[in-house]
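1. Requesting a structural model of the entry that follows:
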Amino acid sequence: MSASSEKKRRLAEREQGIDKRAEAQREAEAKAKKSQLKWRLGTAAIALFVVLSIVLNTSLPFQLTAVKVGNTSYSAAEMNYFYNNAYYDNSSYMSMFGVSSSLPLDSQECMLLEEGTWHDYLLQQATSSAQGLEAIYQAAVAAGFEMSDEAQEAVDTTMESLPEYAEQYGYKNVDKYLQAVYGSGITEEIVREMITKGNLANEYANSVAESFTYSDDELMAYYEEHIDEFVTYDYQYYYIAAETESVTDEEGNTTSQVVEGGVDAAKAEAEKIAAKVTDADSFAAAVAEYSEGATVQNLTGYPKGSINSSFSEWIVAEGRTAGDVTVAASDNGAYVVMYAGMDDNMYNGLNMRHILIKAVDEDGDGVYSDEEKAAAEKTIKEIEAMWLAGEQTEEAFAALAEAYSEDAGSVSVGGLYEGIGKGDMVTEIDEFLFANGRQVGDTAILHGNNGYYDGYHLVYFAGTSRDYRLTLAENAKVEEDYEAWEDELIAGCTVSTGMGYNLIGK
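-> Numbers count the residues shown, from 1 in each chain. Purely as a prediction, here's the structure:
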């Protein structure tokens, strides 16, 4: 996906962002933060002023500066915007670590920090987001960069939708709704400012990324230098854990450790399985025979650095062929491993145009019914009929994509994606594009579902692109150079905390 397409995708997602957060908020309304202010100030006069402020205007303390980034001050209310964005962005991740939504985050230890709670972690995330946004925003302003009409329209669309959401979820006004979603002190004005700054910063950042250019020779040299990051491998494995025993130390701490000879015993069992393996089917059968219900792990597209170190060197060894089998011991057991193949990216990328029609979850139950999917399929077939009744040229297909496609990332360029590699698209499209004998102009209606949407694609095969190694190298080089640019900006944007810092997340 080009940087400009990525920009459009981000803008489209931002338009929907309020709705996603509202859904999360609705599911956990009891989580609405009613924490009392835990706030100390130095003198009795100031303390009295704060008490009066709370009585007369509970939002006033949240106007205090919480974080200063460069020369810009962010109030506690504004930082709550970043804090709660961090919460929603990390909520699934946090649940994996057993974080409870019924307990205060500042009472739950965060294992991602050497010392601290999940509240501390979100504070770090919020502060980092504010620093990054401000650094890029100020650079955009200094460069005289102006936000596009499209980005401004996205801001306006989001803000215009807020009264409807407030009413839908039973709030008296928009500010009450926004405070339930983003935290204390939040107002329409703050949300508009944050979204506007974010859109401007995103567009400027994308323009910087698009400005990086390299010759083919530079890209191929980069690819060869980082080849272990680009070449990927497919393999299967089954792990046999060594027998363990519980050991209690002098302080009464009990741990589990491998019994003497445990790894050797596990390796012997692994070798018995390996002796029966000649292909994927025999591997599965041998494992099932060894342990009822056990299955082989099948991994695809792993670069060397992501492969288990117990057998990574064996996997990447020169001359390895599909079906090779080995047994590899680790500190705690043994692996039976079968090599399945590699992808050295030595092929040309492909180009396509497509039209996406998404199924609509009309009843809001979170599941696309057969009827809802059938409606999308009916629409895509009607568009296909228009295509077949017309000139059937790539230009005609592009015009239909611009008129009807619901893919925000490609609609403005006639549904075009260039330089597509194996596995870049959903499985159905991937299989269509890379099928043997594919010819320019071939089309197909394909169902797609990747967890973010369910719908139908009308796909047009638009031919081949350049050596896919160049595309991979360019994407990685742009990311590397962009991060260096961004890091330099952020390093020059100092951060300090103010009196309102302790109100963030309250």
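2. now the helices for the stretch 201-350 of the chain?
-> Ranges of helices within the stretch 201-350 of the chain are 216-225, 227-230, 262-274, 280-290, 312-316, based on DSSP state H, counting those that start in this stretch.
3. now the shortest one: mean pLDDT?
-> Which is helix 227-230. Averaged across helix 227-230, the pLDDT comes to 96.
4. can you check the fourth one too?
-> The average of the pLDDT scores along helix 280-290 is 97.
5. Residue 339 is nearest to which of the helices of the stretch 201-350 of the chain?
-> Within those, the stretch nearest residue 339 is helix 312-316; the backing value is 6.2 Å (Cβ to Cβ). Placement of C-beta: from N, CA and C, glycine included.
6. From residue 149, how far out is residue 88?
-> Going from residue 88 to residue 149 by Cβ to Cβ, to the nearest Å gives 28 Å.
7. Of these two, which one has the most company?
-> Each of residue 88 and residue 149 has its neighbours counted (other Cβ atoms under 10 Å); residue 88 has more, 16 against 8.
8. Phi, psi for that one please.
-> Main-chain dihedrals, residue 88, degrees, to the nearest 10: phi -70, psi -40.
9. Flag every buried residue along the helix or strand hosting residue 395.
-> In this assignment (DSSP states H and E), residue 395 forms part of helix 394-404. For helix 394-404, a neighbour-count test (16 or more other Cβ atoms under 10 Å) marks 394, 397-401, 404 as buried.
10. can I get these in JSON lines with pLDDT and distance to residue 232?
-> JSON lines is the format used below for the buried residues of helix 394-404 (pLDDT from 0 to 100; distance: Cβ to Cβ, whole Å):
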{"residue": "394", "pLDDT": "97", "distance to residue 232": "32"}
{"residue": "397", "pLDDT": "98", "distance to residue 232": "32"}
{"residue": "398", "pLDDT": "98", "distance to residue 232": "33"}
{"residue": "399", "pLDDT": "98", "distance to residue 232": "37"}
{"residue": "400", "pLDDT": "98", "distance to residue 232": "35"}
{"residue": "401", "pLDDT": "98", "distance to residue 232": "31"}
{"residue": "404", "pLDDT": "97", "distance to residue 232": "36"}
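11. Out of those, flag the one nearest to residue 211.
-> Set against residue 211, the nearest of those by Cβ to Cβ is residue 398 (26.3 Å).
12. Excluding chain neighbours, what is closest to the closest one?
-> Distances taken as Cβ to Cβ, 6 or more residues apart in numbering place residue 414 nearest to residue 398, at 2.8 Å, with adjacent residues excluded.
13. re the thing from before, distance to residue 205 and mean neighbour count added to the helices of the stretch 201-350 of the chain, as CSV?
-> Formatted as CSV, the helices of the stretch 201-350 of the chain follow (distance: least, Cβ to Cβ, whole Å; neighbours: other Cβ atoms under 10 Å):
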stretch, distance to residue 205, mean neighbour count
helix 216-225, 22, 15
helix 227-230, 23, 15
helix 262-274, 49, 18
helix 280-290, 44, 16
helix 312-316, 35, 17
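14. and those as CSV, adding distance to residue 469?
-> Listed next are the helices of the stretch 201-350 of the chain as CSV, based on distance: least, Cβ to Cβ, whole Å:
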stretch, distance to residue 469
helix 216-225, 5
helix 227-230, 7
helix 262-274, 34
helix 280-290, 29
helix 312-316, 17
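15. between these, which gets nearest to residue 463?
-> helix 216-225 (19.1 Å).
16. Other residues contacting that closest one?
-> Residues outside helix 216-225 that contact it (Cβ atoms under 8 Å, 6 or more residues apart in numbering) are 214, 230, 466, 469-470, 472-474, 476-477.
17. of those, buried ones?
-> 214, 230, 469-470, 472-474, 476-477.
18. Let's have the residues you listed in TSV, adding secondary structure.
-> As requested, the buried ones among the contacts of helix 216-225 are exported to TSV (DSSP: H, G, I helix; E, B strand; the rest coil):
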residue	secondary structure
214	coil
230	helix
469	helix
470	helix
472	helix
473	helix
474	helix
476	helix
477	helix
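19. Those residues: which two are farthest apart?
-> Across the buried ones among the contacts of helix 216-225, the longest distance by Cβ to Cβ is 15.5 Å; it joins 214 and 230.
20. if we can go back for a sec, format the buried residues of helix 394-404 as JSON lines; extra columns: distance to residue 341.
-> JSON lines is the format used below for the buried residues of helix 394-404 (distance: Cβ to Cβ, whole Å):
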{"residue": "394", "distance to residue 341": "34"}
{"residue": "397", "distance to residue 341": "34"}
{"residue": "398", "distance to residue 341": "36"}
{"residue": "399", "distance to residue 341": "41"}
{"residue": "400", "distance to residue 341": "38"}
{"residue": "401", "distance to residue 341": "35"}
{"residue": "404", "distance to residue 341": "39"}
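21. Out of those, the closest to residue 125 would be?
-> Nearest to residue 125 among those, counting by Cβ to Cβ, is residue 401 at 37.5 Å.
22. And the closest residue to the closest one other than its chain neighbours, how far from residue 358?
-> Leaving aside its sequence neighbours, residue 401 sits nearest to residue 415 (Cβ to Cβ, 6+ apart; 3.2 Å). Residue 415 is 14 Å from residue 358, where distance means Cβ to Cβ.
23. What residues of the helix or strand where residue 78 lies count as buried?
-> Under the criterion of DSSP H and E, residue 78 resides in helix 76-96. Residues of helix 76-96 classed as buried by neighbour count (16+ other Cβ under 10 Å): 76-88, 90, 94.
24. ok, for the residue most central in space within the chain, nearest residue in space, not its chain neighbours?
-> In the chain, the centroid-proximal residue (Cα atoms, centre = their mean) is residue 89; its distance is 9.1 Å. Nearest non-adjacent residue to residue 89, counting by Cβ to Cβ, 6+ apart: residue 125, 7.9 Å away.
25. With residue 254 instead?
-> Closest residue to residue 254 apart from its sequence neighbours, by Cβ to Cβ, 6+ apart: residue 248 at 4.7 Å.
26. Assess the claim that the one you found and residue 257 are in contact.
-> No. Counting by Cβ atoms under 8 Å, residue 248 does not reach residue 257; the two are 11.0 Å apart.
27. Which one of the two is surrounded by more residues?
-> Ranked by neighbour count (other Cβ under 10 Å), residue 248 and residue 257 place residue 257 first, with 12 against 9.
28. And the pLDDT at the closest residue to that one other than its chain neighbours?
-> Excluding its sequence neighbours, the residue lying closest to residue 257 (Cβ to Cβ, 6+ apart) is residue 247, at 5.4 Å. For residue 247, the pLDDT comes out at 89.
29. For residue 241, see how far away residue 247 is.
-> Counting by Cβ to Cβ, the gap from residue 247 to residue 241 is 17 Å.
30. quick one on the thing from earlier: more neighbours, residue 415 and residue 358?
-> Higher neighbour count among residue 415 and residue 358: residue 415, with 27 against 19, using other Cβ under 10 Å.
31. Could you pull up the residues touching the more buried one?
-> Shown in contact with residue 415 (Cβ under 8 Å, 6+ apart): 352-356, 397-398, 401-402, 405, 407, 460.
32. Of those, just say which sits nearest to residue 112.
-> residue 407 (34.7 Å).
33. follow-up on the earlier one: any idea which of the buried residues of helix 394-404 is the one closest to residue 368?
-> residue 404 (19.5 Å).
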